[in-house]
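Undergrad: coords please:
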Amino acid sequence: MCGRFSLGLDPAEIAAALPGYELPADLAPRHAIAPSQPVAVIPNTGARQVELFRWGLIPAWAKDPAIGNRLINARAETLSEKPAFRGAFRRRRCLILADGFYEWHAEPGHRAKTPYYIRLTSGGLFAFAGLWETWQPPAGAPVHSCTLITTTPNALIAPLHDRMPVILPEAVYALWLEPGELPPARLQPLLAPYPAEALTAYPVNDPMGL
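TA: Predicted coordinates for the structure are as follows:
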């Protein structure tokens, strides 16, 4: 499970990496993004716009929005089977912007787990594969939410955790963000572990204290 990630880049750096995209006015660097907080996403609406969605997917049919607290991650292998995800997998996909993520590892001889920070070896912005939904409460504005897709780990992550988030290469952004419905058979091959040699991981202080 991926329970913390970062988007610590300055908005100007994000804008430079996403030419032609409009960014939210209140987008700010954050080093330890947690579930239920707003995250920067590009939904497959066809608009060249970065939006802020709640992390933790609330299906449109949900009676209680608290379900989103349990749906922060979605397993790539079962997206077509799970009622909470199968419709979004076909129709409502998004990129979740990040520059790193955290995993906790139990070190021999230590009671507390050590947090590791994982980022691109080259540094800079990347995008997780995500799904999004819009939930309408009985009163008030609609809530846009998202979940982050996970897959089996690559050789770098496997010693730290048995899952890793799906990082999409830029070459497949256009397909993932294609508006409308796509068959799972076209999408499933995209949800592979990111190459281990393109990532680096190192221990850090507890990100909750950053």
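Undergrad: excluding chain neighbours, what is closest to V172?
TA: In space, and not counting its chain neighbours, V172 is closest to L190: 5.2 Å by CB to CB, 6 or more residues apart in numbering. For every residue, glycine as well, the C-beta is placed using N, CA and C.
Undergrad: now the one you found: how far from F128?
TA: In this view, L190 and F128 are 12 Å apart by CB to CB, to the nearest Å.
Undergrad: more neighbours, these two?
TA: More neighbours surround F128 than the other of L190 and F128, with 24 against 17 (other CB atoms under 10 Å).
Undergrad: tell me what the more buried one is bridged to.
TA: Counting by DSSP bridges, F128 is bridged to I96, I167.
Undergrad: show me what contacts the residue lying closest to L177 once chain neighbours are set aside?
TA: Excluding its sequence neighbours, the residue lying closest to L177 (CB to CB, 6+ apart) is N44, at 4.4 Å. Neighbouring residues of N44 by CB atoms under 8 Å, 6 or more residues apart in numbering: R92, R93, C94, W176, L177, E178, P179.
Undergrad: can I get the buried part of those as one PyMOL selection?
TA: Filtering these down to the buried ones (16 or more other CB atoms under 10 Å) takes a single PyMOL command:
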select buried, resi 92+93+94+176+177
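Undergrad: got a markdown table for the contacts of N44, with pLDDT too?
TA: Listed next are the contacts of N44 as a markdown table, based on pLDDT from 0 to 100:
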| residue | pLDDT |
| --- | --- |
| R92 | 98 |
| R93 | 98 |
| C94 | 98 |
| W176 | 98 |
| L177 | 98 |
| E178 | 98 |
| P179 | 97 |
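Undergrad: ok, the contacts of N44 vs V39, which is closest?
TA: V39 lies nearest to C94 out of the contacts of N44, by CB to CB, at 9.6 Å.
Undergrad: what's the spacing between the helix or strand containing the closest one and its chain's center?
TA: Secondary structure assignment for C94, by DSSP states H and E: strand 93-98. Centroid displacement of strand 93-98 relative to its chain, using CA atoms, centre = their mean, to the nearest Å, is 6 Å.
Undergrad: so where's the protein shaky on pLDDT?
TA: Low-confidence segments of the chain (pLDDT under 70): 109-110, 206-210.
Undergrad: I am finished for the moment; much appreciated.
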